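S.K.: Dropping the sequence and predicted coords here.
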Amino acid sequence: MEDQELEVKFYVANFESLRLRLLELGAQEVQARTHEMNLRFDTPEGELTHKMQVLRLRQDTAARMTYKGPSESKDGVRVRQEIEFTVSDFHAARRLLGELGFFVAMIYEKYRQVYDLDGVSVTLDEMPYGDFVEIEGPDTERIRTVNNLLGLDWDARIMESYVVLFNRINMELDLGFRDLIFENFVGVDVSLEALNLKPADL
C-alpha cells in the first residue's frame, strides 16, 4: 500500500541523555523544537472514530492536512496508511472542513524535535502527560537497528496513539476534559501507573 507509515513509540524518562546519544551517533537535526497545534475532525455521528480513521489539521512549521487509516501491528511495528500534504491557509482549511460537515472533535498539542539517523526519523515529543520518542523508517529492520543504537528497550514499545493514551489517562484520573493541551494538565500529576507504561531508556 502506498503512503504507509511504519513506526514505534516509547515513553522515556531522560530526554537529554537520548538527545546526547543521537548527537554522538551523528544524527542530524531536521526540525528544531517546534510547538504543534492539532485539530482532529469527525462527523457529528463519530463516523471516523468508529472506522479508526483520523482526519487532522496541524499547524507547526507549516499547515498540514493528514488522513490516517486504521493501524495494525506488523513485525512488531505499527503500520497504517498516511496521506499528508501542506495547505496554504490553516484557517481556510478549517472552514472548508466545517462546510463539508466535519467539526473539531479534539484539540491536542505537543512540542516536537526531529532528527535523521541513517535515513530513519527519530522524533522527540513532549506531550502534556510525558516525554516520548518515535522511530519511523522504511522497514522494521532499520527501525530496530536505530532502536538498538539508542539503547531503548524494544519490549517497552507502545502501539497506541497519543490520543488513545490520553483517553486511558482521562478515565484513570477522571480528568473530565476533552482537549489534550498543556493548559489542561497544569497541576495534574500523571503517574506511570496511570499511563500503564514503563520508560524504555532505563
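M.R.: Arrived safely. Numbers count the residues shown, from 1 in each chain.
S.K.: if I pick the residue most central in space within the chain, what's in contact with it?
M.R.: Nearest to the geometric centre of the chain sits Tyr162, at 5.5 Å (C-alpha atoms, centre = their mean). For Tyr162, the contact set (C-beta atoms under 8 Å, 6 or more residues apart in numbering) comprises 108, 110, 125, 127, 132, 180. (Each C-beta comes from the backbone N, C-alpha and C, glycine too.)
S.K.: Could you measure from it over to Glu24?
M.R.: Computed as C-beta to C-beta, to the nearest Å, the Tyr162 to Glu24 distance reads 28 Å.
S.K.: Who's the closest spatial neighbour of Ala63, skipping the chain neighbours?
M.R.: Nearest residue to Ala63, sequence neighbours excluded (C-beta to C-beta, 6 or more residues apart in numbering): Phe90, at 3.8 Å.
S.K.: if I pick the one you found, what's in contact with it?
M.R.: With C-beta under 8 Å, 6+ apart as the criterion, the residues that contact Phe90 are 57, 59, 63.
S.K.: circling back: make a markdown table out of the contacts of Tyr162 and add secondary structure, pLDDT and distance to Ala194.
M.R.: Formatted as a markdown table, the contacts of Tyr162 follow (DSSP: H, G, I helix; E, B strand; the rest coil; pLDDT from 0 to 100; distance: C-beta to C-beta, whole Å):
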| residue | secondary structure | pLDDT | distance to Ala194 |
| --- | --- | --- | --- |
| Tyr108 | strand | 97 | 17 |
| Lys110 | strand | 98 | 18 |
| Asp125 | strand | 98 | 18 |
| Met127 | strand | 97 | 13 |
| Phe132 | strand | 98 | 15 |
| Leu180 | strand | 97 | 14 |
